[in-house]
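Colleague: coordinates for the following, if possible.
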Amino acid sequence: MEYIQETTYNKRSLHIDTFEVLSADEAALQETEKTNGHYTLKISPFEDTEKINQHGFYYADTLLEPVCKKKNFQPVFHEDIALTQTYQEEEILNIASYAFQGGRFHRDFHIPSPLADLRYRYWVGDLMEKNLIYALHYKGELAGFYGYEDNKVLLLGIKKEFQRSGLGKLFASYGCKMQFDMGYEQLYTSISASNAASLNLFYALGFRLTTALDVYHKLVGPAPKEV
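Modeller: Prediction:
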């Protein structure tokens with residue numbers, strides 16, 4: 001199993017075994033035939049897909065990976081915005097349960113949407129345990145949250161009442177500034193190619209595209225079901 005890594009963080013939400021395939025070599029692809037579960041493979045968009053299609057992999061998403069150097073950062077600020085680690089955990093988890101649509105797990109026809117939502121809820125819960133979630137407040141009211149790790153921007157979740165309000169760029173400005181203030185010279189993020197709004201937001205802050213990865217999934221055995 002040297003070509004395959006178990007992903008326990010996905011297993012707990014999908015309720016089946018889940019794996020990351022570390023290579024598109026034939027030997028690695030053959031390993032995916034031996035064990036039931038859900039597999040993820042990330043490859044360059046320029047890689048030949050004939051072999052992976054023959055082994056049952058199907059396209060799930062393209063991940064774009066913008067980078068922002070500190071000298072190119074173009075934030076916007078507003079006196080009504082506050083970033084804090086004081087929050088009610090359940091309020092943050094509730095936002096995480098619906099705020100992220102259109103990602104690769106939501107687009108996978110084998111995965112029920114509630115399980116894809118649950119995956120984000122668990123992920124945010126893990127980040128809260130590591131103190132890597134900041135609450136975003138607008139005029140004193142919880143309006144969303146910002147998740148990060150080291151110099152990677154992970155999640156920007158906005159409460160329903162504040163979506164499409166134009167606050168996204170403000171919230172991301174405060175979150176990115178907090179990370180730059182930690183001493184990082186550049187920040188990274190990962191955005192689904194289908195999420196044009198998020199891509200435009202980070203582009204406006206000074207992020208620029210560097211690389212991209214195509215993501216393929218494969219299911220062996222029974223599909224995930226809601227419990």
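
Colleague: C-alpha from now on. contacts and neighbour counts both.
Modeller: Fine.

Colleague: what does whichever helix or strand residue 143 is part of rub up against?
Modeller: Using DSSP states H and E, residue 143 maps to strand 141-149. Outside strand 141-149, the residues within contact range by CA atoms under 8 Å, 6 or more residues apart in numbering are 92, 95, 124, 127, 132-137, 153-159, 161-162, 171-172, 175.

Colleague: run the last query once more with 6 Å
Modeller: For strand 141-149, the surrounding residues in contact (CA atoms under 6 Å, 6 or more residues apart in numbering) are 132-137, 154-159.

Colleague: and those as TSV, adding neighbour count and pLDDT?
Modeller: Shown next, in TSV, are the contacts of strand 141-149 (neighbours: other CA atoms under 10 Å; pLDDT from 0 to 100):
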residue	neighbour count	pLDDT
132	17	97
133	27	97
134	23	97
135	25	96
136	29	95
137	18	95
154	18	97
155	22	95
156	21	95
157	24	94
158	26	95
159	18	95
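
Colleague: distance between the strand holding residue 143 and the chain's centre?
Modeller: Mean-position distance between strand 141-149 and its chain equals 14 Å (CA atoms, centre = their mean, to the nearest Å).

Colleague: partner strands of that strand and their direction?
Modeller: strand 133-138 (antiparallel), strand 152-158 (antiparallel) (DSSP bridges).

Colleague: for the helix or strand following the longest one, the averaged confidence score.
Modeller: Put plainly, it is strand 152-158. Downstream of strand 152-158, the next assigned helix or strand under DSSP H and E is helix 168-181. Averaged over helix 168-181, pLDDT sits at 96.

Colleague: what does the helix or strand that helix 168-181 is followed by rub up against?
Modeller: Heading C-terminal from helix 168-181, the first helix or strand you meet, by DSSP H and E, is strand 186-189. Residues outside strand 186-189 that contact it (CA under 6 Å, 6+ apart): 65-70, 151-153.

Colleague: for residue 163, see how far away residue 152 is.
Modeller: Using CA to CA, to the nearest Å, residue 152 is found at 23 Å from residue 163.

Colleague: equivalent analysis for residue 22, please.
Modeller: From residue 22 to residue 163 the distance is 36 Å (CA to CA).

Colleague: try residue 24
Modeller: On the measure of CA to CA, residue 24 and residue 163 end up 39 Å apart.

Colleague: hang on, the earlier thing: of the contacts of strand 141-149, closest to residue 85?
Modeller: residue 134 (4.9 Å; CA to CA).

Colleague: specify the beta-bridge partners of that closest one.
Modeller: residue 146.

Colleague: do you know the pLDDT at the closest residue to residue 26 other than its chain neighbours?
Modeller: Leaving aside its sequence neighbours, residue 26 sits nearest to residue 51 (CA to CA, 6 or more residues apart in numbering; 7.6 Å). On the pLDDT scale, residue 51 is placed at 95.
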